[in-house]
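Asker: can you look at this prediction? I've put the sequence above it.
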Amino acid sequence: MKAPLNLRDVSTVRGNLADIAEEDLIQLPIDMENIPWKPLGEEAKDKYCCLLDDMLVLQIPRPQTPREEEELVNRFLEGMRKLFTPENNWTFLPMLETSMNYCAQCNSCSDACHLFEASGKNEMYRPNFRSEIFRRIYKQYIAGEPFAKWRYGDIGLNWMTVARLGELAYRCNLCRRCAQSCPIGVDNGLIAREIRKLFSQELGINPPELHDNGSMLQLSTGSSTKMNALVVRDNVEFINEDFSESTGYEFTTPWDVEGADILLIHNAGEIMAWPENIAAFSIIFQAAGLSWTLSSDLAAYDSINYGTFYDDVQFARTALLHAQAAKKLGVKKIVLGECGHAHKALTVIADRILPQELNVPRESCFPILRDIVLSGKIRFDQTRNDFPVTLHDPCNVVRLMGINKPQREILRHLCPQFREMTPHGVENYCCGGGSGFAIMSRNNIEAWRNNISGRRKMRQICGAFSECLGPETKKYVCAPCSNCKGQIREIIKHSGLLEKNSLQYGGVVELIVNAMVDVNPGFIKWEEE
Amino acid sequence: MDCTLVYLVAYAGTLACIGAIAYKVRSYIKKPVHVRWELYPVAHDSERAAYGGSYLEDADWWKNRQKPSFIAGMKGLLIELLFLHLTLETNTKLWYRTYPFHLGLYLLIGGILFTCLTAVARIMGIEPGIVLTAMGNIVQVLSVLGFLGLIAGGAGLLHRRLSQPDLKRYSTREHFINLCAFILLGLIGLLTWLGNPSFFVMARDFTVSMITFSFAPMDSFLFSFYITFGFIMAAYVPMTHMGHFFMKYFLYHDIRWADQPTQDNPATQKKIGIVLGFPVSWKASHIQGDGKKTWAEVATTNPTKPKE
Ligand code: SF4
Ligand code: SF4
């Protein structure tokens, strides 16, 4: 292992700041294949600031002249100043300012981070690494603390510092496990998000998957999947027909029903990638006799809100569209499907963004599903779920919302071989795809997700199934979040873990329908389709 | 020995300490409403804090949400403050050093409170009975334990910051200066305690003199040095990151545990109305804040649709 980084290296080192050798990564008890890290091409290096680790999320245009270098620093500082004004950042200012001012530099948060641990404690992934660089710039240039340079040390502010900080903000899953372990309440995840925000809201630099093909697409066509309302309705119709036939359970999916009790909002990615999840919701809600609907209004059929990961303005715009659709239909409440960030975005963060007239009650799908399952309205045959099942806790739903028990009560009721991961609940580890990474696959991002960010979670999954890791036992990782499923799917697929270890994944609703007596057996498939 | 200067430093130190705390608290609570950003477990949810649950685990949670328990919240904060339990859990080796240090400070603060009580009693002419004598003895014990905690914990922290490469990389000049200053304070205090018949009596007489503005002379040079240095530290600490000792209240109650839904809270609803009228000046092309457009206007503009 190379000598660990010093904070000042961000402004002085030429070329890559860090590289992570395979032998530094934590070991796993299964045959997980690393994706080779490919050096970035010359073209990318000429065009963008490639100064961190051969991974490129942000694509910051590389300044070509000293003047452009200076301009990048000045624009960054201009944005940073705005981050500390109530007008521009009322949303997060108190959290940011306290996180700047009260960190004791005790590093108690380091071991909480799955990236730090999985990378063999690479300094770049220490939660406080990027925070302290940002903090020192703040104290010296924004807060103007007396003798700041002398008291805290000068990390050197130049274009390389700025470019690396921007990229470093995307070496974090925003899971906030580090914040949970901080005795003072400092939030390194928040700091990473604020840096992302600065780049997006001031410099207009953001990952295309989150912005151009994410929130902007959602605002223009209604969904980051590019599906407009017509296409979504067609696809859902197809799902209804297809699954009615295969399950032997005739069901429909209601659209735009005025005055329904519930507006259900799915992550539209499920329609394309996991149609069984959409079908399962429709089957359960119909079987339980709920009054519910989907909406075909702009953005209201896709619960994603990628602004959650990088931009407050985009966040607010999307949340407003979701709330307006509910208001228009006159529903009693919005229920969010199995999508973690959408849960957190609309239920919690938007709570102080929506004007009162749009503050329609919003809740997670898990309590209502739990109530249905335990109510006795639907008959279940638990033997259909008699295989080892473990539960992944999506950070946004559990650590950040405290929704912990309902999904467990469902699994305990329906899955005789349910077992917990260690640790679990609010102390869970991120799947590795959190904060938008699950939808990114370029410039070594897929290698990063497979080799580093998803590694700790895979170790947990192996731990939960330690006595039955072999292919002879079918095992199910219940990951009730589109983002987490996307991440786990990629890892399973890349290393062939379905074939090698009979490891399958899916959500909660699939397990519910799989055990329904009125549905043909075999809703959960154990082979790749 | 004429100690006017010591008294002046003491008054200035007290005012600066109170002023700095008041300034920081005020500037925090004056900030506009922020979004919810809670992190579980939330201590004031007395039924569910043990496993990190929340009222959001109930369908139709808005119909019969249990009110937060103030006592459970304070209990959670006090456990963290008094035992530093998160540090114990996440960084046990550091806890063995930082806990004696913090405990030393708590004991000294406790000693100061008792000293103030006995000083007030003396000013009021209350004869020193069994209670006041016991208080004096307690101050003696609290002080010496406090000094020892500061010295041992401070030296342990200093050693750890110097000997652990990962901690050293994040330790600044300020950390080392602060720790040395606390160790020095503990040492002067300890020497004063050892070199005089009663530390308590000196502290009480000084407090009486301070309260009554009588500027009584002090016999012990060490004690006057201790007092001067102590009040300078009292003024300095709240201005630095060590102000976390009082800001923690807000970091926990107003951020980490702030799970109160807006619909229950007309005051928050009003505040949201205000912030949505704030002007935005973010420059990115999808925002084009010009310093005049408000948050409400920006949020209701769809940058992908032609302007009407
Ligand atoms: S964020 Fe908290 S735990 Fe981490 S170094 Fe700062 S004070 Fe310590
Ligand atoms: S938020 Fe999560 S990924 Fe980011 S630094 Fe903290 S623990 Fe690591």
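Answerer: Sure thing, it's come through. The shown structure was predicted, so the numbers you read here are calculated from the model rather than taken from an experiment. Ligands and ions are numbered 1, 2, ... in the order given.
Asker: next, count neighbours for residue 111.
Answerer: Looking at chain A here, since you left the chain open. 17 (other CB atoms under 10 Å in any protein chain shown). Bear in mind the C-beta positions are built from the backbone N, C-alpha and C, glycine included.
Asker: wrong one, I was asking about chain B
Answerer: Neighbours of B:G111 using other CB under 10 Å come to 25.
Asker: now the nearest residue to it once chain neighbours are set aside: which helix or strand?
Answerer: Nearest residue to B:G111 in three dimensions, chain neighbours excluded: B:L142, at 3.8 Å (CB to CB, 6 or more residues apart in numbering or on different chains). If you go by DSSP states H and E, B:L142 is part of helix B:130-163.
Asker: what residues sit buried inside that helix?
Answerer: If you call a residue buried by 16 or more other CB atoms under 10 Å in any protein chain shown, then helix B:130-163 has these buried ones: B:132, B:135-136, B:138-140, B:142-158, B:160-161.
Asker: kindly report the same for stretch A:434-447.
Answerer: Neighbour count says stretch A:434-447 has A:G434, A:S435, A:G436, A:F437, A:A438, A:I439, A:M440, A:N443, A:N444, A:I445, A:E446, A:A447 buried, by 16+ other CB under 10 Å.
Asker: is it true that A:L83 touches A:F199?
Answerer: No - using CB atoms under 8 Å, A:L83 is not in contact with A:F199, being 10.9 Å away.
Asker: low-scoring stretches of the stretch 251-400 of chain A, by residue?
Answerer: For the stretch 251-400 of chain A, applying pLDDT under 70 flags no range at all.
Asker: within range of chain B, give me the residues from it.
Answerer: A:313-314, A:316-317, A:320, A:333, A:347-349, A:351-356, A:359, A:361, A:363-364, A:366-368, A:370-371, A:398-400 (CB under 8 Å from any CB of the partner chain).
Asker: go again using 6 Å as the cut-off
Answerer: Selection of the stretch 251-400 of chain A residues close to chain B by CB under 6 Å from any CB of the partner chain yields A:313, A:316-317, A:320, A:348-349, A:351-352, A:356, A:359, A:361, A:367-368, A:371, A:399.
Asker: mark which of those residues are part of helices, please.
Answerer: A:V313, A:A316, A:R317, A:L320, A:P367, A:I368, A:D371 (DSSP state H).
Asker: which parts of the stretch 51-200 of chain A are helices?
Answerer: Here the stretch 51-200 of chain A has its helices, by DSSP state H, counting those that start in this stretch, at A:66-83, A:86-89, A:93-101, A:114-118, A:127-137, A:148-152, A:159-168, A:177-181, A:188-201.
Asker: export those to JSON lines and tack on distance to chain B?
Answerer: JSON lines is the format used below for the helices of the stretch 51-200 of chain A (distance: least, CB to the nearest CB, whole Å):
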{"stretch": "helix A:66-83", "distance to chain B": "6"}
{"stretch": "helix A:86-89", "distance to chain B": "5"}
{"stretch": "helix A:93-101", "distance to chain B": "5"}
{"stretch": "helix A:114-118", "distance to chain B": "11"}
{"stretch": "helix A:127-137", "distance to chain B": "6"}
{"stretch": "helix A:148-152", "distance to chain B": "4"}
{"stretch": "helix A:159-168", "distance to chain B": "14"}
{"stretch": "helix A:177-181", "distance to chain B": "4"}
{"stretch": "helix A:188-201", "distance to chain B": "4"}
